[in-house]
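Trainee: the sequence and its predicted three-dimensional model are supplied below.
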Amino acid sequence: MAKTMTFALVHFTVAFSVAYLVTGSLGMAGFLALIEPMVNTVAYFFHEKAWDAYRLGRGQSAAQTAEPTAIDSGHAAA
């Protein structure tokens, strides 16, 4: 959970910094840094749906094309 929280902080900081450099506005930078992860989450949902449809069109199930996890491969997760 700590890694997730630090990644969220890094993501927010980068988004805020880029938005501030582009807009010059602290308020707009804060708004964009907060809204971007929400929009990205929705986009990711639809990307996964499209990717699943693509795989099914090629005759592959999600289980056949899934990348192995640390448990599946016998390696420890980073």
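Mentor: In hand now; what should we look at? Residues are numbered from 1 along each chain as shown.

Trainee: so which bits of whatever helix or strand residue 30 lives in are buried?
Mentor: Counting by DSSP states H and E, the element that carries residue 30 is helix 26-57. Neighbour counts using 16 or more other C-beta atoms under 10 Å place 29, 32, 33, 36 of helix 26-57 among the buried residues. In this view, the C-beta of every residue, glycine as well, is placed from N, C-alpha and C.

Trainee: which other helices and strands contact it?
Mentor: On a contact count with 3 or more C-beta pairs under 8 Å, 6 or more residues apart in numbering; DSSP states H and E, helix 26-57 meets helix 2-23, helix 62-65.

Trainee: can you check which of the ones you listed gets nearest to residue 41?
Mentor: Nearest to residue 41, of all those, is helix 2-23, at 11.6 Å by C-beta to C-beta.

Trainee: tell me the buried residues in the closest one?
Mentor: When burial is assessed from 16+ other C-beta under 10 Å, helix 2-23 yields the following buried residues: 15, 16, 19, 20.

Trainee: the closest residue to the first one other than its chain neighbours and residue 5, how far apart?
Mentor: It refers to residue 15. Closest residue to residue 15 in three dimensions, ignoring its sequence neighbours and counting by C-beta to C-beta, 6 or more residues apart in numbering: residue 33, at 4.0 Å. When C-beta to C-beta, to the nearest Å is the yardstick, residue 33 and residue 5 sit 16 Å from each other.
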